[in-house]
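1. sequence-free structure coming up:
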Ligand code: HEM
Ligand SMILES: [Cu+2]
Ligand SMILES: [Cu+2]
């Protein structure tokens, strides 16, 4: 039993270490880490603080866009966004009230958007279609209505 | 009385037959609250399942988020806490040959405090003054009484923690050079973890009380969230430690075997206690404001818990196989057939242990950075914790009832009640498999959790979720049937089953086992290590969150 158990533990610890190496490599070497932007903002002055005083879509390069977005109960500003196919999009977001989520089902976009913090996440929309954008953190009585779309064509 | 009892404990604990009626009353009271909570929570759960599937619409005076807040708190906090205390105090009383009378008093004080707290919290939820869900993330601001109620619940738990510590100290002082019985050792692990887990959330709640009353203008939402998960993450492992106490010590006895090496069991407990708390950031992997390296450290800490879990898996299958073979099982898997599948006291915890395999694998998915980004806040997560808590932990608890309650009420488990228990176990397993299974799949497709209605104006991806949501509803209905059977069984065994003697099934070590080493009892040292690990994981990020904090958030009510 002793022997067998030693093998079991060694193999399982080995698997965990390999696992950590992969996660670490993806995070730090490939830049695939989770959204963790560290800038802060006064949550009560979002409307008067740049860039959120002027939310919207800006073309910043060749088919590359920045979307400056505010989230508030129970909507996204701007909403009903349209983008060309292949657009590389950098979302810069904050909340004007409580904690919200920003999720686009069918993509890996999934981030918490909290009052006082600026969150960033990027994605390249390679396929055309109408993407559903939803808030995935409970934010109040109208939470289920907090959604919009991104149309890529 | 006290004196003679002590005398007997000291000289011959085995001489005391049956449970001390005063101790039994403590445990039975906690278990009563637990199963009343389960019944209410289960009804609410079914309503959620049906509403999500669009099969019912809640009346205007009861909204989905009130129901979900109550479901979360009643099941996640009240049911699990009261069951744990009832069960662990019974273990302690059995191991030590009776509780000290002051410890019993502490348990009653804890009981009263928790009841008061739960009533305050529930009333606020019912009045729609606290639709903040069980996580109550600021700046969602509930009525101050909601938070004050939570403080009472925590104080009640602390009273029980101190009771355990006092009784442990007393026993050790009177048994110099001896190791404590293994179930008492488990109880120490559980309550130490509980105490340190609840410190974080207590600090959070104390800052939210003046804020919700308007005495303080703003609060730091990130610190609040982090302190919450310091607690929330640890709570998961507290249940798990409670469940493993039955897996290691009770199940072997029920199947007619011996327990695994006590030294290893103790090592697993110590590792779980020390490594547990610092994993909380895996609930915050996609949060802003926390650096990727801190998140990575917590991924590592969370995964390190897998090591004692894998040791447990090994030990359990080792004991099962050895016992099955001793009973005449032949061949590669013949031993499996020899196990008592028709005995609910074995069947329920066995299914619980098996479900820990997919549960643990799902947990590894949740905790790793990139995969978390796919499933964070989707129904996958809800599926995950209904498998882990709802099956691995809760089915173990259910299985415990079928010997613990007759033991405490001095009654018997009849063959008919055993049959009912077996049926209950299958109903529960099928219900959870359907509900949690479909939750996992639809979560991968993006269906968000904590959302009353996910039709989103008929968007095609939202339409693709509907068939799975219908399966939740079927699972949820089966589960409510399971809850009703279980609650019936519990109260029947408490008050109506035939009188008689029921044994407390504690497994013995193997004949050639080496005794447990005394150094494992050095709880002072384990606590120092625990604090060191907590500091390593939390001091730097929390100081960072406070020093680099944005202006705070005022209380907001969005419901
Ligand atoms: C009758 C049995 C049960 C049913 C039908 C049921 C059903 C559900 C459903 C449908 C949700 C919905 C979630 C959402 O909209 O996000 C949910 C959430 C939840 N359930 Fe259960 N459940 C049951 C038992 C349990 C048990 C035994 C526990 C724990 C001990 C539990 C803990 C939770 C928690 C913590 C949540 C999440 C609450 C939140 O996100 O705020 N449930 N349950
Ligand atoms: Cu929202
Ligand atoms: Cu956790």
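-> Cool, the structure landed. Keep in mind it's a predicted model, so treat the numbers as computed, not measured. Numbers count the residues shown, from 1 in each chain, chains lettered A, B, ... in the order given. Ligands and ions are numbered 1, 2, ... in the order given.
2. can we go C-alpha only for contacts and neighbour counts from here?
-> Noted.
3. does residue A:42 count as helix, strand or coil?
-> Secondary structure, DSSP: H, G, I helix; E, B strand; the rest coil: residue A:42 is coil.
4. count the neighbours of it for me.
-> 18 (other CA atoms under 10 Å in any protein chain shown).
5. list the contacts for it?
-> Contact analysis of residue A:42 by CA atoms under 8 Å, 6 or more residues apart in numbering or on different chains lists A:115, A:116, B:550, B:551, B:552.
6. out of these, which is most surrounded?
-> residue A:115 (32 neighbours).
7. so it touches residue B:553, yeah?
-> Yes: counting by CA atoms under 8 Å, residue B:553 is a contact partner of residue A:115 at 7.1 Å.
8. tell me the centre residue of chain B?
-> By CA atoms, centre = their mean, chain B has its centre lying nearest to residue B:239, at 2.9 Å.
9. what does the model give the closest residue in space to that one that isn't next to it in sequence for pLDDT?
-> The shortest distance from residue B:239 to any non-neighbouring residue, by CA to CA, 6 or more residues apart in numbering or on different chains, is to residue B:393 (6.5 Å). We have a pLDDT of 96 for residue B:393.
10. about what we covered before: and ligand 2, which of the contacts of residue A:42 reach it?
-> Residues of the contacts of residue A:42 in contact with ligand 2 (CA under 5 Å from the ion): none.
11. closest to residue B:254 among those?
-> Minimum distance to residue B:254 across those is 53.4 Å, recorded for residue A:115 (CA to CA).
12. which residues touch the closest one?
-> Counting by CA under 8 Å, 6+ apart, residue A:115 makes contact with A:42, A:43, A:94, A:95, A:96, A:97, A:98, A:99, B:221, B:553.
13. so residue A:94 is in which element?
-> Assigned by DSSP states H and E, residue A:94 belongs to strand A:87-95.
14. which parts of chain A are helices?
-> When assigned using DSSP state H, the helices of chain A occupy the ranges A:2-24.
15. least confident secondary structure element in it?
-> helix A:2-24 (a mean of 82; mean pLDDT, DSSP states H and E).
16. buried set for it?
-> A:9, A:12, A:13, A:16, A:19, A:20, A:23, A:24 (16 or more other CA atoms under 10 Å in any protein chain shown).
17. what of stretch B:253-267?
-> B:253-263, B:265-266.
18. before we move on, the earlier item: tell me, how many residues neighbour the residue nearest to residue B:239?
-> If you count neighbours by other CA under 10 Å, residue B:393 ends up with 25.
19. show me the contacts for it.
-> B:239, B:240, B:243, B:352.
20. specify which member of the residues you listed is nearest to ligand 2.
-> Distance ranking of these against ligand 2, using CA to the ion, places residue B:239 first at 31.2 Å.
21. the helix or strand where that closest one lies packs against which elements?
-> Assigned by DSSP H and E, residue B:239 falls within helix B:221-245. Counting contacts by 3 or more CA pairs under 8 Å, 6 or more residues apart in numbering or on different chains; DSSP states H and E, helix B:221-245 is packed against helix B:80-95, helix B:182-212, helix B:262-275, helix B:523-547.
22. what does the first one contact?
-> Identification of contacts with helix B:80-95 by CA under 8 Å, 6+ apart yields B:19-20, B:23-24, B:26-31, B:33-34, B:98-99, B:157, B:160, B:164, B:181, B:183-184, B:187, B:239, B:242, B:397, B:404, B:504.
23. so for chain A, the centremost residue is which one?
-> For chain A, residue A:111 is the residue whose C-alpha lies nearest the centre (CA atoms, centre = their mean; 3.5 Å).
24. returning to that earlier point: ok, and the most crowded of the contacts of residue B:393?
-> Within the contacts of residue B:393, most neighbours by other CA under 10 Å means residue B:352, with 29 neighbours.
25. what sits against that residue?
-> B:391, B:392, B:393, B:394, B:395, B:396.
26. now stretch B:436-453: how far from the chain's centre is it?
-> Put simply, stretch B:436-453 sits 23 Å off its chain's centre (CA atoms, centre = their mean, to the nearest Å).
27. what residues of stretch A:103-116 count as buried?
-> In stretch A:103-116, counting by 16+ other CA under 10 Å, buried: A:103, A:104, A:105, A:108, A:109, A:110, A:111, A:112, A:113, A:114, A:115, A:116.
28. next structured bit after the lowest-mean-pLDDT helix or strand in chain B?
-> None of the helices or strands of chain B scores lower by mean pLDDT, DSSP H and E than helix B:2-11, at a mean of 50. Downstream of helix B:2-11, the next assigned helix or strand under DSSP H and E is helix B:21-52.
29. the residue in the stretch 101-250 of chain B positioned nearest to ligand 2 pairs with what?
-> Nearest residue of the stretch 101-250 of chain B to ligand 2 (CA to the ion) works out as residue B:140 at 11.6 Å. For residue B:140, the beta-bridge partners under DSSP bridges are residue B:556.
30. didn't it look like it was pressed against residue B:132?
-> Yes: using CA under 8 Å, residue B:140 is in contact with residue B:132, at 6.3 Å.
31. the nearest residue to residue B:527 once chain neighbours are set aside and residue B:528, how far apart?
-> In space, and not counting its chain neighbours, residue B:527 is closest to residue B:274: 7.4 Å by CA to CA, 6+ apart. When distance is defined by CA to CA, to the nearest Å, residue B:274 is 9 Å away from residue B:528.
32. same thing with residue B:152?
-> 27 Å.
33. returning to what we had before: ok, the contacts of residue B:393 vs chain A, which is closest?
-> Relative to chain A, the closest of those is residue B:240; by CA to the nearest CA it sits at 19.8 Å.
34. who's in contact with that closest one?
-> Each residue near residue B:240 by CA under 8 Å, 6+ apart is listed here: residue B:393.
35. where does the chain have low pLDDT?
-> This is for chain A. Across chain A, residues meeting the criterion (pLDDT under 70) sit at A:1.
36. oops, wrong one, chain B.
-> Applying pLDDT under 70 to chain B picks out residues B:1-17.
37. and residue B:274 and residue B:528? Which one has more around it.
-> Shown here are residue B:274 and residue B:528; by other CA under 10 Å, residue B:274 has more neighbours (21 against 12).
38. from memory that one sits against residue B:524, does it?
-> No: applying CA under 8 Å as the test, residue B:274 and residue B:524 come out as separate, 11.7 Å apart.
39. and the residue nearest to the centre of chain B, what does it touch?
-> Residue B:239 touches B:80, B:84, B:389, B:393, counting by CA under 8 Å, 6+ apart.
40. which of those are buried, as a ChimeraX select command?
-> Buried subset of those, written as a ChimeraX selection, criterion 16+ other CA under 10 Å:
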select /B:80,84,389,393
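41. who in chain B is up against ligand 1?
-> For chain B, the contact set with ligand 1 under CA under 6 Å from any ligand atom comprises B:42, B:45-46, B:48-49, B:68-69, B:72, B:75-76, B:133-134, B:389-390, B:449-451, B:476, B:479-480, B:483.
42. and with 5 Å instead?
-> Applying CA under 5 Å from any ligand atom, we find that chain B lies next to ligand 1 at B:42, B:45-46, B:48-49, B:72, B:75-76, B:133, B:390, B:449-451, B:476, B:479-480.
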